[in-house]
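[1] return atomic coordinates for the entry below.
(chains A and B)
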Amino acid sequence: QQQVKQSPQSLIVQKGGISIINCAYENTAFDYFPWYQQFPGKGPALLIAIRPDVSEKKEGRFTISFNKSAKQFSLHIMDSQPGDSATYFCAASSEDSNYQLIWGAGTKLIIKP
Amino acid sequence: DSGVTQTPKHLITATGQRVTLRCSPRSGDLSVYWYQQSLDQGLQFLIQYYNGEERAKGNILERFSAQQFPDLHSELNLSSLELGDSALYFCASSVGGVSYNEQFFGPGTRLTVL
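    Model prediction:
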């Protein structure tokens, strides 16, 4: 019940296209959903995060869409650029996970020029 | 630069040996987290400390141990090393372990066990 399932495992998108990564969870107590971006050889860094009181959050070309009833959330990258090529991790946390981030397995995104 | 420092950057050792990885959190952060990331794999949470005390344990092997010192830096000790322990080990820090805090990751220590 503590799992976060992320898909796809890998994704190739043309430059200028929309990249979409999906995550699903079971624990309805989760109330914080961040996305982290990791470049090769580097540590992950927070990209964008959402709380369940809103259905969407946008920061520049990055948008989180959140569907509480379906227990799903997704990351959309508009006008994808080669510099967006990285591994993306979704995560979730709640008080009953002691605010531990429960991580998805990651999506390796490649943007083709 | 996240403000989290990890040493050493690379470590090459042999099976059966013991190593210590060190992490200094961002100034003001009380929580330290340790993660293991094998090649092209996800992040495996190992353990969390908050202000010197163990707060949560993940998939940490009995051969591994950690501690957080009064100055808040943390060390991860890996003993009786096996080939499968070869991985990137990340330390992350956050302000506290009781609210929704961003975790700031260090650059990692790449451990190679030969």
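[2] centre-most residue in chain B?
    residue B:34 (3.1 Å; Cα atoms, centre = their mean).
[3] surely that residue touches residue B:78?
    No. With contact defined as Cβ atoms under 8 Å, residue B:34 does not reach residue B:78; the gap is 10.3 Å. Every C-beta, even on glycine, is put in place using the N, C-alpha and C of the backbone.
[4] can you pull the residues of chain A lying near chain B?
    Residues of chain A lying close to chain B (Cβ under 8 Å from any Cβ of the partner chain) are A:32, A:34, A:41-46, A:49, A:51, A:89, A:93, A:98-101, A:103-106, A:108.
[5] and the helices in chain A?
    Taking DSSP state H as the criterion, chain A contains no helices.
[6] hey, which helix or strand in it has the poorest pLDDT?
    strand A:102-103 (a mean of 91; mean pLDDT, DSSP states H and E).
[7] please name the residues that touch whichever residue of chain A sits closest to chain B.
    For chain A, the residue closest to chain B is residue A:43, as judged by Cβ to the nearest Cβ, at 3.0 Å. Listed by Cβ atoms under 8 Å, 6 or more residues apart in numbering or on different chains, the contact partners of residue A:43 are B:2, B:4, B:90, B:92, B:105-108.
[8] for it, phi and psi?
    phi -80, psi 150 (degrees, to the nearest 10).
[9] now do residue B:25
    phi -70, psi 170.
[10] state the number of residues packed around it.
    By the criterion of other Cβ atoms under 10 Å in any protein chain shown, residue B:25 has 27 neighbours.
[11] isn't it up against residue B:71?
    No. At 9.8 Å, residue B:25 and residue B:71 do not qualify as touching, with contact defined as Cβ under 8 Å.
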